[in-house]
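S.K.: just to be clear, the model below is a prediction. Sequence and coordinates:
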Amino acid sequence: MRWLYDLGHTVVGIECIQHGILEFFEEQSLEYIQEEGDSFTLFQTPDTRLQIYSGDLFKIPTKVLGKFNAIWDRGSLVAIDKEDRKLYAKLMKEVASESCKYLVSVLHYNQEKFAGPPRNVCKKELFKLFGDTFDIEEVDRLDRANIPMGAEKISLEEFWEVVYYLRYK
């Protein structure tokens, strides 16, 4: 986020835990202004080019968020409960501009050996959620077998982080 901000872009993030937002601003030595909304708290730099909303992703009005030319999902879709994925996909389609460049990082693994979180999102599920609106292309696949996850180590023979590029049809 800081790198994009330093390049002059406007950057928007959403985080449900305020502590993580406060840590980010402190670690990056960035001043911020805190504003309360009806269903969220907004933390932003004085120039308003870096904004992080704290609250329930599904309760922040899309008119507040606006439209985005780029989206990088590196942890949201895999964190969301399976029953909320359709709602998440609907929200992402609403905030993505028609020229949006959308990257989503998901995990592929055997759910019988590990239930998550982070949760498995198979390619078929991704196409089911986004295929009606976006062309979907796999752009990277990283072997994440036996990596530390939290306090424990997950021992899975197949554990892939897969990055997909989504663009409007």
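M.R.: Noted; the coordinates are in hand. Numbering: from 1, shown residues only.

S.K.: alpha carbons only for contacts and neighbour counts from here, please
M.R.: Noted.

S.K.: quick one: low-confidence ranges for the protein?
M.R.: For the chain, the stretches with pLDDT under 70 are 146-155.

S.K.: tell me the centre residue of this protein?
M.R.: Centroid-nearest residue in the chain: Asp73, 2.9 Å away (criterion: Cα atoms, centre = their mean).

S.K.: host element of Glu138?
M.R.: Assigned by DSSP states H and E, Glu138 falls within strand 134-143.

S.K.: give me the contact list for that strand.
M.R.: The contact list for strand 134-143 (Cα atoms under 8 Å, 6 or more residues apart in numbering) reads 127, 130, 158-169.

S.K.: ok now stretch 37-49, how far from the chain's centre?
M.R.: When C-alpha coordinates are averaged (Cα atoms, centre = their mean, to the nearest Å), stretch 37-49 and its chain have centres 18 Å apart.

S.K.: my error: substitute stretch 113-121 in the last question.
M.R.: A distance of 16 Å separates the centroid of the chain from that of stretch 113-121, by Cα atoms, centre = their mean.

S.K.: buried residues in that stretch?
M.R.: For stretch 113-121, the neighbour count (16 or more other Cα atoms under 10 Å) marks Pro118, Arg119, Asn120, Val121 as buried.

S.K.: just to revisit the earlier point, partners of the strand holding Glu138, with directions?
M.R.: The sheet places strand 134-143 alongside strand 159-168 (antiparallel), with pairing taken from DSSP bridges.

S.K.: all strands for the chain, in order.
M.R.: Listed in chain order, the strands of the chain (DSSP state E) span residues 11-15, 33-36, 41-44, 50-54, 68-73, 96-109, 134-143, 148-149, 152-153, 159-168.

S.K.: export these as TSV, with columns for distance to Ile60.
M.R.: Shown next, in TSV, are the strands of the chain (distance: least, Cα to Cα, whole Å):
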stretch	distance to Ile60
strand 11-15	9
strand 33-36	12
strand 41-44	10
strand 50-54	8
strand 68-73	15
strand 96-109	15
strand 134-143	23
strand 148-149	29
strand 152-153	33
strand 159-168	23
